[in-house]
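Peer 1: Structure for the following, please:
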Amino acid sequence: MTTQFDSSGLVLNRQAGDAPADNNKTILNSGTTDPNKILPMKYKWARAHYKTGVANNWVPEEVNMQKDVETWKSPTELTADERRLILWNMGFFSTAESLTANNLVLAVYKHITNPECRQYLLRQAYEEAVHTDTFIYSCDTLGLDPDEVYNMYLKIPSINAKDEFVVNMTKSVLDPGFTTEGTENIQKFVHDLIGFYVIMEGIFFYAGFVMMLSFLRQNKMVGIAEQFQFILRDESVHLAFGVDMINTIIDENPEIWTPDFQQVITDRIKQAVELESTYAEDCLPRGILGLQADSIKQYVKYIADRRLKKIRLKPLYNVDTPFPWMGEIIDLRKEKNFFETRVTEYQSGQLNWD
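Peer 2: You can find the predicted model right below:
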């Protein structure tokens, strides 16, 4: 089964009703199940996401950046605002990917007791390493100052605010003494998973994806834009896995999903939209590539509603997407000729715009 996505990066074709193979397995606190015994599997969706990740495999060196080098060195092919937009997004993503990987490896994995979910987490950790390598490759190829790129989260307030928000929202699981025993602790774990998957990977990344992929649509900086495209495809699967895991933990521990807790999560997502909207305004003070800050802010609200509904919460904004082409971008086939840098090769018959 090929995973399909809509323009917000959400999975369209997840199969419902996977029959459990072992009812003793649970995602958390499965004291009766050997975490090393992956068969028989209970959560078929975890295996499906793993296989999708394997099928999507890529490395940054596959992407031809010769034209990007020529464009970047040219004094006329990019405006000052376009250069700024590229550097800001590289600055945010380069540190955000590291933050994501650290949370995954140091905190999330050890609390997940289900082996098929752990298998996917290992795959995701590899993909986060590939994403980190992407920014090393891009900095080296373009001759960028790594201190400028990697210190932007310290120098740019709107980038720093997003990083700090996620750090604060996911700090429970990083406590060495934290456990997932008891209702309150399971709530804290789900709260942190939502910060990690739904907000960081599902909201904070998406304004940057639209900005960078707009270069692809204009046939500018195609190498970097293609790498962001492949990162987007990976992150869409990460998000799908995270949503399935969050919803399953809630199903297995329904006592945690109280009205007060649901309101806390809704408020966190609303705060995330405000932070991402501020970032969009900073990135696009004058508008470029047919983009305006207002359209990015509308898109952030659109995807936030999609995320809310996926974790069974009421939408807040009820707006349409201003960028339906994002679904086509996500569905790019892996089997393309990188060395010809063809930028519009899409799967056919895979899109659903509902």
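Peer 1: quick one: buried residues of the strand or helix carrying Val69?
Peer 2: Here Val69 is covered by helix 66-73, with elements defined by DSSP states H and E. Residues of helix 66-73 classed as buried: Asp68, Thr71, Trp72 (neighbour count, 16 or more other Cβ atoms under 10 Å). Any C-beta I mention is one placed from the backbone N, CA and C, and that applies to glycine too.
Peer 1: ok, the second one touching Glu77?
Peer 2: Yes. Applying Cβ atoms under 8 Å as the test, Thr71 and Glu77 come out as touching, 4.7 Å apart.
Peer 1: Now the common contact residues for these two.
Peer 2: Common contact partners of Thr71 and Glu77 (Cβ atoms under 8 Å, 6 or more residues apart in numbering): Lys220.
Peer 1: per-residue pLDDT, Val105?
Peer 2: For Val105, the model assigns a pLDDT of 89.
Peer 1: same thing with Ile38?
Peer 2: For Ile38, the predicted pLDDT is 87.
Peer 1: Pro176: how many residues sit nearby?
Peer 2: Residues lying near Pro176 (other Cβ atoms under 10 Å) number 6.
Peer 1: how much space between it and Arg118?
Peer 2: From Pro176 over to Arg118 the distance is 20 Å, taken as Cβ to Cβ, to the nearest Å.
Peer 1: Now do the buried residues in the helix or strand in which Phe189 is found.
Peer 2: Phe189 is part of helix 183-193, with elements assigned from DSSP H and E. If you call a residue buried by 16+ other Cβ under 10 Å, then helix 183-193 has these buried ones: Asn185, Ile186, Gln187, Lys188, Phe189, Val190, His191, Asp192, Leu193.
Peer 1: thought the first one was touching Thr179?
Peer 2: Yes. With contact taken as Cβ under 8 Å, Asn185 and Thr179 are classed as touching, separated by 5.9 Å.
Peer 1: which SS state does Leu104 fall under?
Peer 2: helix (DSSP: H, G, I helix; E, B strand; the rest coil).
Peer 1: How about the contacts made by it?
Peer 2: Counting by Cβ under 8 Å, 6+ apart, Leu104 touches Leu121, Gln124, Ala125, Glu128, Phe196.
Peer 1: one more time with 6 Å
Peer 2: By Cβ atoms under 6 Å, 6 or more residues apart in numbering, the contact set of Leu104 is Ala125.
Peer 1: ok, now the one 3 residues further on?
Peer 2: Contact analysis of Ala107 by Cβ under 6 Å, 6+ apart lists Val173, Leu174.
Peer 1: Recalculate using a threshold of 8 Å.
Peer 2: Thr170, Val173, Leu174, Asp192.
Peer 1: burial of the first one, as a residue count?
Peer 2: It refers to Thr170. The burial count for Thr170: 24, using other Cβ under 10 Å.
Peer 1: neighbours of Thr179, just the number please.
Peer 2: 13.
Peer 1: For Met41, see how far away it is.
Peer 2: According to Cβ to Cβ, Thr179 stands 25 Å off from Met41.
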